[in-house]
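Peer 1: what follows is a protein structure lacking sequence information:
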């Protein structure tokens, strides 16, 4: 069995959050370490570095897509809540005095 980096994640987004295209909330990735069998320590670490960079890139893209999906949902939720204006706050303070 060749060495590899294995990463599994399971997200729990709000139930009404639509999943980004081609993604599921639970996923496992395997990133093989190339040149691991060459016997050279330098070749092993070059292969390991490449696997780590590939893992970072892949997970970064996927988790960013999930963050954006949840963020859009939160933006829509905030847009529905009426905000108080500063004038309303001033009037309430004047009434309290």
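Peer 2: Yep, it's here. None of the values given here were measured: they were computed from a predicted structure. Residues are numbered from 1 along each chain as shown.
Peer 1: residue 8 in helix, strand or coil?
Peer 2: Three-state call for residue 8 (DSSP: H, G, I helix; E, B strand; the rest coil): strand.
Peer 1: so it makes contact with residue 28?
Peer 2: Yes: using Cβ atoms under 8 Å, residue 8 makes contact with residue 28 at a distance of 4.3 Å. For every residue, glycine as well, the C-beta is placed using N, CA and C.
Peer 1: and the pLDDT for residue 83?
Peer 2: According to the prediction, residue 83 has pLDDT 61.
Peer 1: ok, the closest residue to residue 12 other than its chain neighbours to residue 16 distance?
Peer 2: Among residues not flanking residue 12 along the chain, residue 25 sits closest, at 7.1 Å (Cβ to Cβ, 6 or more residues apart in numbering). Distance of residue 25 to residue 16, computed by Cβ to Cβ, to the nearest Å: 13 Å.
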